[in-house]
Structures are given as C-alpha cells and as structure tokens.
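S.K.: Test case, fold it:
(one chain, ligands or ions: 2)
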Amino acid sequence: MNVEGGCFCKQVRYAATVKDPMKVQCHCRECQYISGGGPNYSLGISEDSFTYLQGAVTSYRRADLEAPASRDFCPHCGTHLASSTPKIPGVIWIKVGTLDHPEMFEKADLAIFMIDKQPFHDTPTTQSAYERLPG
Ligand SMILES: [Zn+2]
Ligand SMILES: [Zn+2]
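M.R.: Ligands and ions are numbered 1, 2, ... in the order given. Predicted coordinates:
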C-alpha cells in the first residue's frame, strides 16, 4: 500500500510503501512531550520504502541518552514526522497523525513502555502490552 503524508504547514511531504507494518502505540515519557501528553502512534516500516518528497527536516537526538532515537521535525511548524532508533535498525517509524489518511492505521498491534503510562491514558485495546520493549 502506498501512502503519503506531511507536516502541519505542508512544507514537508513524504511517500512510503507500507508492507507488513509494525503498528505501535508508545507510552514512554519521551513520546509524551511530542504527542501532547498521550501515547504516540507509529507505523514501523522498512526505511528503504520511505522517502521525503519535499522540504527538509531537522533531526534531533538527545545527547544525554544512551542509544537515543533520532526524531525528524519540520523546522517551520514543529510537526514530528518520523523517528528511528539504533535499537531496531533499518526501520523508520512514521507518526500516524502526519499521514494524509491516518485511518489506515486502524489500531495498534503493540503497546510499549507501559511503565511510563499516565493515569489519564486509556488502557490499550491490544493484548500485546509490554512494560518496555518486547523481547
Ligand atoms: Zn511544517
Ligand atoms: Zn515512545
């Protein structure tokens, strides 16, 4: 399935081919800053099938964390578009809210970092909920 998406101000656009995606909701404390407080919904696909079509993103990596995620932002409107982590090489995580048709996500298959879940977060509908990461 081919999908497209982009940031809030429309300066950054991307395209991706989605095949056997990992559909994750992450409750980690870091994601809460970026999501507005809730879990962060991501579609994990092969990084080879993702490409920026237009605009240049700023990538941010926290210097004080061991093996930090790299997070791509629009430098104009601040939308967080995608991330990658050295813990899962070769995978790019598209932030579902940036898809032109976010409804294609349907639901998360995996809930991770439940250890950081806030009392106001809804309980995940998936049975696969992990304190941190699976495995
Ligand atoms: Zn933007
Ligand atoms: Zn997270």
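S.K.: per-residue pLDDT, Leu65?
M.R.: With respect to pLDDT, Leu65 scores 88.
S.K.: Relative to ligand 1, how far out is it?
M.R.: Separation of Leu65 from ligand 1 (Cβ to the ion, to the nearest Å) stands at 25 Å. Where C-beta positions appear, they are placed from N, C-alpha and C, glycine not excepted.
S.K.: what residues does the protein put near ligand 2?
M.R.: Contact residues, the chain versus ligand 2 (Cβ under 5 Å from the ion): 26, 28, 31.
S.K.: and those, which of them are in strands?
M.R.: Secondary structure from DSSP state E places Cys26 of those in strands.
S.K.: Dump the residues of the chain next to ligand 2 into CSV; add neighbour count as well.
M.R.: Below are those laid out as CSV (neighbours: other Cβ atoms under 10 Å):
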residue, neighbour count
Cys26, 24
Cys28, 18
Cys31, 24
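S.K.: is it possible to export the residues of the chain next to ligand 2 to JSON lines including pLDDT and distance to Ile94?
M.R.: Shown next, in JSON lines, are the residues of the chain next to ligand 2 (pLDDT from 0 to 100; distance: Cβ to Cβ, whole Å):
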{"residue": "Cys26", "pLDDT": "95", "distance to Ile94": "13"}
{"residue": "Cys28", "pLDDT": "94", "distance to Ile94": "17"}
{"residue": "Cys31", "pLDDT": "94", "distance to Ile94": "14"}
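S.K.: Asp100 and Glu4 touch, don't they?
M.R.: Yes: if you go by Cβ atoms under 8 Å, Asp100 and Glu4 touch, sitting 5.2 Å apart.
S.K.: mind listing the strands for this structure?
M.R.: 2-6, 13-17, 22-26, 40-46, 50-54, 58-60, 70-73, 80-84, 91-95, 110-112.
S.K.: got any ranges where this structure has weak pLDDT?
M.R.: Flagging of the chain using pLDDT under 70 yields an empty set of residue ranges.
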